[in-house]
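[1] turn this into a structure:
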Amino acid sequence: MTTLSDLNTCEPGAFVEALRGIYEHSPWIAERAAGKRPFASLAALKLALQDVVTQADEDEQLALLRAHPELAGKAAIAGELTAESTGEQAASGLNRCSPDEYARLHELNARYSEKFGFPFILAVKGPTGRGLTRAAIIETFARRLKNTRPDEMLECLRQVHRIAEIRLNELLGVQLRFGPQVMDWAETLGAISDDENGLTCAYMTPAHQRSAQQLRDWMIEAGMEAHIDAVGNVVGRYAAAQPDAKTLLTGSHYDTVRNGGKYDGRLGILLPIALVRHLNERGERLPFHLEVIGFAEEEGVRFRSTFLGSSAITGRFDPVLLDQQDSEGVTMRAALQAAGHDPAQIGTIARDPALLLGFVEVHIEQGPVLLGRGLPVGVVTAIAGSSRYLLELSGVASHAGTTPMGMRRDAAAAAAEIVLLVEQRCSGRGSLVGTVGQLEVPAGSVNVIPGQCRLSLDIRAASDGERLAAVDDILAGISAICARRGIEEKLWKLVEADAAPCAPPLMDGLGAAIEAAGLPRFDLLSGAGHDAMEMAKITEVAMLFTRCGNGGISHNPLETMTADDAEIAGEVLLDFLRRYTYA
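    Numbering: from 1, shown residues only. I've put the predicted structure just below:
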């Protein structure tokens, strides 16, 4: 069995030969990486090989892509693939295609080659390394045909690196300790849904209650004391040897958006459970109590109120919310009671900040930054503050053919100008971003000038001052636009959330653990809101981001990550926990 030590100490020629099958017919990658030895870890070796490809010119990158075979193409039928490709395609049954499947793949290969000029490349062993189905492969093939050529070339290179990662694992006999278990658990939870056609887990629905029970069972099996509290949080405690020790909190949310992904929030619960199981099996205790919290609600899907689980922990749960109704007229209080909870006990959940060391949340990035840099993990610097509004514009609905352009009070035209105002004010200004995510012309008609329009505003930034200044400018601009166009405006504030900076000592602890894993520390902002924002009200917080696949898509069934990235996140968090000390 080849080892990393063997690769670090052998002659350059032997190094290249050992890695010959890692990148398809491209020994130049190993040749250039050989000079970067020794590698501190397998992750460092993978990153070095990836960097060689990234630094190569476009002709070399294209040659690497064109060295790969078509999926279930003629080379596959004739047995002309490399041994590695033959095994990978066989693992997904591409050597057993039905005539219809083969015809479909042949058609897709032809269209793809004509559009892009290189073959379609996909790590057919998938994010878990166990093999995608033929149906999943064909679906992905058809979806990626819609990409632009630059985007698809980048995606193919990422897939090449994923294939190389799997092959390196096999070459070195790597057995992942945490990643496969996390991926398996995520699949199990992902099958528990309010919706048969996708993953939806809304607050206090039957699927939500089943998910909570499953998490509690896994916590107990891992060696924790676990319970479901009055607001629906699943709380697992791995006690320190000293009863009077302080507590470090970790976790995330287990509810989802409608038709969401399997890893948003849930990674931050499942990964710590896997780590606790590992510690418990070794009989290892930490010098502090470790609590893993599966927060019951963060997304606000059912009752349009976010952070219900974490706000109960911080003592900031608003009892007025208990009278909120869902779309069917069921109050939050009634939903809690029907699930066997006592809403009167929610106030008792609040934690004493004096007993806490901090809160560390692991989460998928939900964006493309780590993916674009080829990094599996990153340290979050801050969670952006957010201002959200709903805006209603009222003009005059009139005939599209008989009303002169200069005499119109067009609500949609005003809305269009507002969209561009938001884009202009928020562009090129550091972390500031602005979005109009909802835009509606109620009862609109093709031959009627819009008399009404509704739109949303979402302004975010790492700096509250920067965000609020932008909000002031945008609201003033909206008023000016409406006054000039003769449009009445109504504005409702939906959310006002302050930015939450992460604590430098906790960030440095995560950064040191990343570097100990042989990877560079990379810091990035979280543009999305997280439970850590609420937890920052009572204790120091930090976040570890894990890379997303599929272009960084989240809140979507296409949301994905790999077992290898979950493994690295687990190693980093475990090292952080072992290094963490307090007075």
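
[2] could I get the average pLDDT for stretch 542-560?
    The pLDDT scores in stretch 542-560 average 94.

[3] mind checking the end-to-end distance for it?
    End-to-end distance of stretch 542-560 (CA to CA, to the nearest Å): 23 Å.

[4] show me what counts as buried in that stretch.
    Buried residues in stretch 542-560, counted by 16 or more other CB atoms under 10 Å: 542-550, 552-555, 559-560. Where you see a C-beta, it was placed from the backbone N, CA and C, and this is true even at glycine.

[5] again, but for stretch 424-431
    For stretch 424-431, burial by neighbour count (16+ other CB under 10 Å) applies to 425, 426, 431.

[6] what does it contact?
    384, 432-434, 459-463, 466, 470, 473-474, 477, 525, 527 (CB atoms under 8 Å, 6 or more residues apart in numbering).

[7] again, but for stretch 63-70
    23-26, 29, 53, 56, 75-76, 80-81, 85, 105, 109, 113, 118-121, 153, 156-157, 160.

[8] helix/strand/coil for residue 252?
    Judged by DSSP: H, G, I helix; E, B strand; the rest coil, the three-state class of residue 252 is strand.

[9] could you tell me how many residues sit around it?
    28 (other CB atoms under 10 Å).

[10] quick one: which of the buried residues of stretch 424-431 sit in helices?
    425, 426 (DSSP state H).

[11] one step back: filter the contacts of stretch 424-431 down to just the ones in helices.
    466, 470, 473, 474, 477.

[12] could you give me the ChimeraX syntax to select whichever of those are buried?
    With 16+ other CB under 10 Å as the burial test, the buried ones among these are selected in ChimeraX as follows:
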select :466,470,474,477
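
[13] closest one of the ones in helices among the contacts of stretch 424-431 to residue 327?
    residue 474 (30.4 Å; CB to CB).

[14] for residue 60, the count of nearby residues, please.
    15.

[15] what's near enough to touch it?
    residue 28 are the contacts of residue 60 under CB under 8 Å, 6+ apart.

[16] is it true that it lies in a strand?
    No. Counting by three-state DSSP, one finds residue 60 to be helix, located in no strand.

[17] and the gap between residue 203 and residue 331?
    12 Å (CB to CB, to the nearest Å).

[18] neighbour count winner among the two?
    residue 203 (25 against 16).

[19] so that one sits against residue 307, correct?
    No. With contact defined as CB atoms under 8 Å, residue 203 does not count as touching residue 307 (11.5 Å).

[20] now do the shared contacts for those two.
    Contacts common to residue 203 and residue 307, judged by CB under 8 Å, 6+ apart, are residue 297.

[21] all helices of the stretch 1-150 of the chain, in order?
    Counting by DSSP state H, counting those that start in this stretch, the segments of the stretch 1-150 of the chain that form helices are 4-9, 12-18, 28-33, 42-55, 58-66, 74-78, 83-91, 99-116, 134-144, 149-171.

[22] how much space between the residue in the chain sticking out farthest from the centre and residue 34?
    When distances to the mean C-alpha position of the chain are computed (CA atoms, centre = their mean), the maximum falls on residue 402, with 50.7 Å. According to CB to CB, residue 402 and residue 34 sit 77 Å apart.

[23] all helices for the stretch 251-400 of the chain, in order.
    Counting by DSSP H, counting those that start in this stretch, the helices of the stretch 251-400 of the chain are 267-282, 308-314, 332-338, 369-373.

[24] among those, which is nearest residue 4?
    Nearest of the helices of the stretch 251-400 of the chain (CB to CB): helix 267-282, 21.4 Å.

[25] now do the closest one: distance to the chain's middle.
    20 Å (CA atoms, centre = their mean, to the nearest Å).

[26] may I see the buried residues of that helix?
    267-279.

[27] check stretch 386-393 too.
    386, 387, 388, 389, 391, 392, 393.

[28] so where's the chain shaky on pLDDT?
    Applying pLDDT under 70 to the chain flags the ranges 73-83, 86-87, 90-91, 583.

[29] lovely, talk soon.
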